[in-house]
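> Pasting a predicted model and its sequence here:
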Number of protein chains: 2
Amino acid sequence: MSSILDWKPKIGILGGGQLGWMMILEGRKFPFTFYVLENDKNAPGCKIADRCFSPQEYREFVDNSDIVTFEFEHVYDKALEYAEDNGKLLPRLNSVELKRERYKEKLFYKEHNLPTPRFFVAENGEEALKILKDEFNNTGVIKESKGGYDGKGQYFIFNDVEKYDFLREKKDKMVVEEYVKFDFEASVIIVRDKKGVFINYPPTYNYNEKGILVYNYGPYNNQEIVNVAKRLSEELDYIGTMGVEVFVVKGRVLINEFAPRVHNTGHYTLDGALISQFEQHLRAIIGMDLGPATVISPSGMVNILGTDRIPSEVLKYGKVYWYSKAEVRKRRKMGHVNVVGDNLEDVKQKIDKIMQLIYPNGLDL
Amino acid sequence: MSSILDWKPKIGILGGGQLGWMMILEGRKFPFTFYVLENDKNAPGCKIADRCFSPQEYREFVDNSDIVTFEFEHVYDKALEYAEDNGKLLPRLNSVELKRERYKEKLFYKEHNLPTPRFFVAENGEEALKILKDEFNNTGVIKESKGGYDGKGQYFIFNDVEKYDFLREKKDKMVVEEYVKFDFEASVIIVRDKKGVFINYPPTYNYNEKGILVYNYGPYNNQEIVNVAKRLSEELDYIGTMGVEVFVVKGRVLINEFAPRVHNTGHYTLDGALISQFEQHLRAIIGMDLGPATVISPSGMVNILGTDRIPSEVLKYGKVYWYSKAEVRKRRKMGHVNVVGDNLEDVKQKIDKIMQLIYPNGLDL
């Protein structure tokens, strides 16, 4: 009889932020060893890893790991590539490459007939502004192709095109996209294993402000979101947990973007589901069978952004996860609060309560 | 506005077994520092603590901690007493003292009119056997007063009194107790904070074999169990999480014993409840408000005893917690599997499945 404990893999995680931190906390229930590659030794993940490597030590980090994964796809390129070259990287580099340049991600959707807002690729800022005028009548979104996440490098233009003249100086590729008047934003957390087994948590309603997730809750049962995410994961032959963010417009689903990793909108699975997105990710990449992705309760999450003032009353409504980052900074994700409830309305009321308690003067993003 | 993050306590835990390990894992969501006092540096808790002290370093351990608690009440007496003398021990020593000698615990129940099986205190083994004969017609339970847990030092005698002649050599106090033909065993996890706020998880049905918990599940709604546990916690002016084990006999509740700590029958709260027994314990001892103790799903737990053979199919039914102890030993608690379900029947079926998978040849305890 074989045992799930027969293999005790050493798992390397690129990045020591909160996503890596939660991956390790969840993974401690198994006989795994965790290495983190991270510049900042005080990062949450470093503090609980078995060993924290500096970015310069990337070869040693990869050589010592059985499998390498990442909690953030925008850094440590050398390590990513060295791990891929050694056949240790999961999810594989093909997913990361789509995230390195936004236009590649958009072209991938188009090529595979995956629904996404109408867009054009511009060679530079000058051309982007021309496309915005010609194709979108000066109302739309211009996104820098490189390095965009959490709303960075995105410009929402509503006829006030003169304010964006500075874009003419930019010589890198841009994506010019229609402005989508969505009914709401949503996302789904999916997991796909090495044998191609696909599971999904139910989608959630998301509320973003200035490109940062503020809160989300579910289940929001929408099979179309699941279908689209499933097809995306299959086209990529993806292995691991993935978050897919969409706009819902009059019942239609348009992919906004995907994240080839555990995702902020899946934090609720730590409490709303038996098996969290983090544990499923670890199972997928080491080749363990996935668990059920059913949620056991309507649930949600509120991000703690740019503050460490958490009044005690919050504890009545939710469960606090504090990442213990060394410094509070504006817009920085400092922690989150998970919530469960009898139904969606109950969950939403608790979220509203927590929002009022954490941000008594409103959000400052 | 004050914040729950204003205080970043250093919490000392006596013992580095799985209970301390889960306390630390759950506590990592707060900005706490965890010290462990433990003989075995390879113990689960030591591996994830901020620092592991040896028993000889107990003064330094206590001096460095803001609060001292314990995951096991039967060892490290000097540390317990030094922490109590320094006003740092929670739960306080009065609860531990009742556990050091079983007869004190039983007398406490009697004195406070808390229901417990009929018993007598014997000065030694000789007297115990005489009481068994005179009061219980040679059928009952003789328990050594000192050091009894997980079924150690307990003798169930059914007229076969000649087999227990060796007890005549024992010169320590004993408890002689009626043999209770219970309908089932149950327990409740309660938490009481510094302000006297009392909360309880719903009781569970427990299945023990040879004095060791094998599995439990709930909710088993029985207000009498809660009432009895509440009164016990109040009589002790208890602070922290406590497990109270009872026999249910024709609707009557008799306390078998209590544990002044987080308890094996509360492991299900890691997944069946929003806030676990471990987090509540930490909140109680540091003076943070308790959270709701409602369960969000019928749930249960199976102990992994004396084996590391966990077939992959187990992952379909439950969530594995593996304590990564250095060595597998007979009767040793190596891990557990948490289960949730739509209803009690569903939970019980999953438990049965997991039992068959982990113990294909039956339990060997």
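Sure, I can see it. Note that the coordinates shown come from a computational prediction; the quantities given were computed from them, not determined experimentally. Residues are numbered from 1 along each chain as shown, chains lettered A, B, ... in the order given.

> mean confidence for stretch A:311-326?
For stretch A:311-326, mean pLDDT is 96.

> what about stretch A:355-365, near chain B?
Yes - counting by Cβ under 8 Å from any Cβ of the partner chain, chain B has neighbours in stretch A:355-365: residue A:360. Bear in mind the C-beta positions are built from the backbone N, C-alpha and C, glycine included.

> which other residues reach that stretch?
A:209-210, A:212, A:214-215, A:302, A:304-307, A:309-311, A:313-314, A:317, A:330-331, A:337, B:1 (Cβ atoms under 8 Å, 6 or more residues apart in numbering or on different chains).

> What residues sit buried inside it?
Residues of stretch A:355-365 classed as buried by neighbour count (16 or more other Cβ atoms under 10 Å in any protein chain shown): A:355, A:357, A:358, A:359, A:363, A:365.

> Which pair of those residues spans the longest distance?
Within those, A:357 and A:365 form the most distant pair, 17.4 Å apart (Cβ to Cβ).

> if you go through the stretch 151-300 of chain A in chain order, where are the strands?
For the stretch 151-300 of chain A, the strands defined by DSSP state E, counting those that start in this stretch occupy A:154-158, A:174-177, A:184-192, A:198-200, A:204-209, A:212-218, A:240-249, A:252-259, A:299-305.

> for these, which one sits closest to residue A:267?
Here strand A:299-305 is closest among the strands of the stretch 151-300 of chain A (Cβ to Cβ), at 4.8 Å.

> what inclination does that closest one have with respect to strand A:212-218?
Put simply, strand A:299-305 runs at 170 degrees to strand A:212-218, going by axes from the mean of the first three to the mean of the last three Cα atoms, to 10 degrees.

> which of the residues in strand A:299-305 are buried?
A:299, A:300, A:301, A:302, A:303, A:304, A:305.

> related to what we said a few turns ago, can you put the strands of the stretch 151-300 of chain A in JSON lines and add mean pLDDT and distance to residue A:21?
Below are the strands of the stretch 151-300 of chain A laid out as JSON lines (pLDDT from 0 to 100; distance: least, Cβ to Cβ, whole Å):
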{"stretch": "strand A:154-158", "mean pLDDT": "93", "distance to residue A:21": "27"}
{"stretch": "strand A:174-177", "mean pLDDT": "96", "distance to residue A:21": "32"}
{"stretch": "strand A:184-192", "mean pLDDT": "98", "distance to residue A:21": "18"}
{"stretch": "strand A:198-200", "mean pLDDT": "98", "distance to residue A:21": "24"}
{"stretch": "strand A:204-209", "mean pLDDT": "97", "distance to residue A:21": "21"}
{"stretch": "strand A:212-218", "mean pLDDT": "97", "distance to residue A:21": "17"}
{"stretch": "strand A:240-249", "mean pLDDT": "98", "distance to residue A:21": "15"}
{"stretch": "strand A:252-259", "mean pLDDT": "97", "distance to residue A:21": "17"}
{"stretch": "strand A:299-305", "mean pLDDT": "98", "distance to residue A:21": "14"}
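
> can you put those in TSV and add distance to chain B?
Formatted as TSV, these follow (distance: least, Cβ to the nearest Cβ, whole Å):
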stretch	distance to chain B
strand A:154-158	32
strand A:174-177	38
strand A:184-192	13
strand A:198-200	12
strand A:204-209	17
strand A:212-218	14
strand A:240-249	16
strand A:252-259	23
strand A:299-305	8
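
> Need those in TSV (columns: distance to residue A:145).
Below are the strands of the stretch 151-300 of chain A laid out as TSV (distance: least, Cβ to Cβ, whole Å):
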stretch	distance to residue A:145
strand A:154-158	11
strand A:174-177	6
strand A:184-192	22
strand A:198-200	29
strand A:204-209	21
strand A:212-218	20
strand A:240-249	18
strand A:252-259	12
strand A:299-305	26
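
> Domains in chain A, by residue range?
Per automatic domain parsing, the domain ranges recorded for chain A read A:10-89, A:118-177, A:184-358.

> Helices of chain A, residue ranges please.
A:18-27, A:44-48, A:58-64, A:77-85, A:93-100, A:102-111, A:125-136, A:223-235, A:269-272, A:277-286, A:314-317, A:344-358 (DSSP state H).

> so how far is the second one off the chain centroid?
Meaning helix A:44-48. 19 Å (Cα atoms, centre = their mean, to the nearest Å).

> ditto for the longest one
The chain centre lies 22 Å from the centre of helix A:344-358; the measure is Cα atoms, centre = their mean.

> Could I get the average pLDDT for it?
Averaged over helix A:344-358, pLDDT sits at 98.

> So which bits of it are buried?
For helix A:344-358, by 16+ other Cβ under 10 Å, it's A:344, A:347, A:348, A:350, A:351, A:353, A:354, A:355, A:357, A:358.
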